[in-house]
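Student: What follows is a predicted structure for the sequence shown.
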Amino acid sequence: MNYEAVIGLEVHVQIRTNSKVFSRVGAGYGHPENTLTDPVVLALPGALPVMNKAALDAIIKAGLLLGCEIAPVCKWDRKNYFYPDSPKNYQISQYDQPMCLGGAVEIELPGAARNVMGEHKKIPLMRIHLEEDVGKLNHFAADSLVDYNRAGTPLMEIVSEPAMHSAEEAFAYLTSLRATMIFGGISDCDMEKGQLRCDANISIRPVGQTTLGTKVELKNLNSISFVRDGIAHEIKRQIAVLSAGGTLVQETRDYDGQTGISQSLRSKEMAHDYRYFPDPDLMPVKVDEAWKANLRAECPELPFDKQRRFLDKYAVPYTITSVLVWDRALADFFEEAVRLGGKPQAVGNWIANDLLRELGAAKLPLAKSKVMPAHVAGLVTLIEAGTLLPNAAKEVFAEMFATGDQPAAVVERKGLRAAPVDVGELEQWCRDAIAANAKSLADFKAGKDSAINGFKGSVMKAAKGKADPKRVDETLRKLLAGM
């Protein structure tokens with residue numbers, strides 16, 4: 001029997017705020033254990049929570065970016081369960097009146113052609129609600145200790161509809177969602193720091209069936225790659241169980257990304273198991289149109305919207321835009337270099353290939369680069385003007401990256417200004433190349449435009465690398481047109 005997977009993701013995103021969601025104590029990562037606590041975080045008798053508006057701003061902004069309906073009124077509920085990482089023995093969350101409803105995450109489906117934007121799909125969301133994070137258990141050989149620094153950090157839970165059907169779709173969903181949160185300044189989404197955590201709900205059903213199968217929740221997926229691998233593993237496991245005549249049970253399983261093996265943790269909890277009830281210490285929150293309008297004005301252009309604009313406005317190849325748009329600073333760098341006069345496609349090539357290669361080799365972030373947009377724009381302008389040949393430009397770029405000097409200064413200092421090539425001499429080199437390569441000539445006449453490249457190597461060799469490739473191309477085409 002052929003089976004179809006049905007996947008929904010629950011993604012927890014830590015909101016980047018200075019203080020915790022119901023307390024004035026600081027929020028952050030990497031502090032000594034149990035130093036970011038106060039009576040509210042530790043649930044000491046008489047301590048009362050106070051709402052952090054910055055956390056509310058962030059979740060409303062997230063909802064606007066994802067096209068959600070923002071609730072005019074939301075309230076707070078207590079989710080009751082007993083576990084050592086929760087000092088209250090309940091979690092302040094939102095149950096029946098979440099902040100955001102609906103919305104979607106846009107993804108590009110796997111299998112797109114190399115140089116063409118692939119088919120896009122919007123994965124619908126069920127809800128986004130705000131809650132407080134819990135502490136962190138640190139396990140040792142003989143005991144476990146709790147660090148409450150993370151407890152009370154504002155946390156969004158973004159719940160998708162069960163609308164994904166492969167591990168690759170889930171990977172694309174998380175990649176897009178993570179970029180949205182980073183672009184919006186809502187979270188850094190560092191999975192190693194626990195700022196983005198994901199649980200996957202996976203079921204399978206016979207192809208053509210509309211009812212959902214038995215759902216299994218997969219936990220401890222601590223990287224986006226492990227989410228993909230864990231889902232793929234679970235789909236295979238479920239198919240194997242049913243194919244062998246077994247029965248699937250609704251449960252929570254732990255996935256080990258290092259070994260690629262999962263194991264059962266417990267039966268899956270249902271909402272009624274948590275005994276939700278309204279929090280008596282927190283008032284409902286009303287969100288008016290002015291509040292939403294102020295936050296909407298801060299919403300940035302998202303990666304896929306930016307990519308469509310780059311393709312349309314700048315005619316930059318899909319492969320280049322796919323590098324630029326997922327890093328907001330890199331995309332801004334590109335647009336500034338274009339604004340300063342650099343031709344878009346050339347600017348994109350230098351950034352996506354040379355700049356990122358040099359930054360990677362030096363293990364530097366873009367913010368530490370000595371090459372600025374003006375450097376790239378200047379380099380491209382020198383090449384376009386014929387002042388600098390492409391081969392020499394590579395040397396200039398390396399020098400700019402090392403020193404931060406402007407390209408014109410490097411050209412003069414290193415004596416790399418292109419010497420003018422006599423027009424008659426260039427035409428003769430081109431004629432000789434055409435005469436020596438009958439096959440390329442025949443192919444070009446037959447309509448194979450790329451055959452012109454068969455002549456260029458001979459011309460550049462005769463010119464000892466000093467001819468402008470653009471002029472070589474123009475001269476060859478002029479001569480070939482008359483043949």
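Tutor: Here it is on my side, so go on. None of these values were measured; they are calculated from a predicted model. Numbering: from 1, shown residues only.
Student: What is the burial count for Asp96?
Tutor: Neighbourhood size, Asp96 [other Cβ atoms under 10 Å]: 11. Every C-beta, even on glycine, is put in place using the N, C-alpha and C of the backbone.
Student: and if you look at the one 4 residues further on?
Tutor: Residues within reach of Cys100, counting by other Cβ under 10 Å, total 27.
Student: The longest helix that the chain contains packs against which elements?
Tutor: Longest helix in the chain by number of residues, with DSSP state H as the criterion: helix 224-243. Counting by 3 or more Cβ pairs under 8 Å, 6 or more residues apart in numbering; DSSP states H and E, the packing neighbours recorded for helix 224-243 are strand 3-14, helix 167-183, strand 196-206, strand 216-221, strand 251-256, strand 261-267.
Student: other SSEs contacting the fourth one?
Tutor: Counting contacts by 3+ Cβ pairs under 8 Å, 6+ apart, strand 216-221 packs against strand 196-206, helix 224-243, strand 251-256.
Student: Can you tell me the element Gly386 falls in?
Tutor: Element membership for Gly386 (DSSP states H and E) is empty, with no helix or strand holding it.
Student: which residue sits closest to it, ignoring its sequence neighbours?
Tutor: Spatial nearest neighbour of Gly386, excluding adjacent residues (Cβ to Cβ, 6 or more residues apart in numbering): Asp468 at 4.9 Å.
Student: now that neighbour: how far from Ala362?
Tutor: Distance from Asp468 to Ala362, counting by Cβ to Cβ, to the nearest Å: 31 Å.
Student: of these two, who's got more company?
Tutor: When Asp468 and Ala362 are compared on other Cβ under 10 Å, the one with more neighbours turns out to be Asp468, at 21 against 12.
Student: And that one, its phi and psi?
Tutor: phi -70, psi 120 (degrees, to the nearest 10).
Student: How much space separates it from Leu389?
Tutor: 6 Å.
Student: joint contacts of the two?
Tutor: Common contact partners of Asp468 and Leu389 (Cβ atoms under 8 Å, 6 or more residues apart in numbering): Ala418.
Student: Three-state assignment for Leu125, please.
Tutor: What DSSP: H, G, I helix; E, B strand; the rest coil gives for Leu125 is strand.
Student: My read is that it contacts Glu69, right?
Tutor: No: contact criterion Cβ atoms under 8 Å: Leu125 and Glu69 do not qualify, at 10.3 Å.
Student: Compare these two and say which is more crowded by neighbours.
Tutor: Using other Cβ under 10 Å as the criterion, Leu125 and Glu69 rank with Leu125 on top: 24 against 12.
Student: Ala418: which of the helices and strands packed on helix 224-243 is closest?
Tutor: Set against Ala418 and scored by Cβ to Cβ, those come closest in helix 167-183, at 40.9 Å.
Student: Tell me the spacing between Tyr314 and Ile128.
Tutor: Tyr314 sits 33 Å away from Ile128, going by Cβ to Cβ.
Student: what's around Asp432, how many residues?
Tutor: Neighbour tally, Asp432, other Cβ under 10 Å: 14.
Student: Enumerate every residue touching it.
Tutor: By Cβ under 8 Å, 6+ apart, Asp432 lies in contact with Ser458, Ala462.
Student: helix or strand right after the helix or strand containing it?
Tutor: Using DSSP H and E, Asp432 falls within helix 423-435. Helices and strands here follow DSSP H and E; after helix 423-435, the next one along the chain is helix 438-445.
Student: Tell me which residues of the next helix or strand after that next one come out buried.
Tutor: Sequence order places helix 453-462 as the next helix or strand after helix 438-445, per DSSP H and E. The neighbour-count check on helix 453-462 (16 or more other Cβ atoms under 10 Å) flags Gly454, Phe455, Lys456, Ser458, Val459, Met460, Ala462 as buried.
Student: And the helices in the stretch 251-400 of the chain, which stretches?
Tutor: Along the stretch 251-400 of the chain, counting by DSSP state H, counting those that start in this stretch, helices occupy 289-296, 303-314, 318-324, 328-339, 344-349, 356-362, 373-384, 390-403.
Student: ok so, going back, can you convert the helices and strands packed on strand 216-221 into JSON lines and add a column each for mean neighbour count, mean pLDDT and distance to Val40?
Tutor: Converted to JSON lines, these look like this (neighbours: other Cβ atoms under 10 Å; pLDDT from 0 to 100; distance: least, Cβ to Cβ, whole Å):
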{"stretch": "strand 196-206", "mean neighbour count": "22", "mean pLDDT": "95", "distance to Val40": "23"}
{"stretch": "helix 224-243", "mean neighbour count": "19", "mean pLDDT": "95", "distance to Val40": "33"}
{"stretch": "strand 251-256", "mean neighbour count": "17", "mean pLDDT": "91", "distance to Val40": "30"}
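Student: For those, give me a markdown table that also has distance to Met164.
Tutor: Formatted as a markdown table, the helices and strands packed on strand 216-221 follow (distance: least, Cβ to Cβ, whole Å):
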| stretch | distance to Met164 |
| --- | --- |
| strand 196-206 | 9 |
| helix 224-243 | 9 |
| strand 251-256 | 17 |
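Student: circling back to that earlier point, let's have the helices of the stretch 251-400 of the chain in JSON lines, adding mean pLDDT and distance to Asn201.
Tutor: Output for those, formatted as JSON lines (pLDDT from 0 to 100; distance: least, Cβ to Cβ, whole Å):
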{"stretch": "helix 289-296", "mean pLDDT": "98", "distance to Asn201": "30"}
{"stretch": "helix 303-314", "mean pLDDT": "96", "distance to Asn201": "25"}
{"stretch": "helix 318-324", "mean pLDDT": "94", "distance to Asn201": "30"}
{"stretch": "helix 328-339", "mean pLDDT": "97", "distance to Asn201": "31"}
{"stretch": "helix 344-349", "mean pLDDT": "97", "distance to Asn201": "40"}
{"stretch": "helix 356-362", "mean pLDDT": "97", "distance to Asn201": "36"}
{"stretch": "helix 373-384", "mean pLDDT": "96", "distance to Asn201": "44"}
{"stretch": "helix 390-403", "mean pLDDT": "92", "distance to Asn201": "47"}
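Student: Ile383: how many residues sit nearby?
Tutor: Using other Cβ under 10 Å, Ile383 has 24 neighbouring residues.
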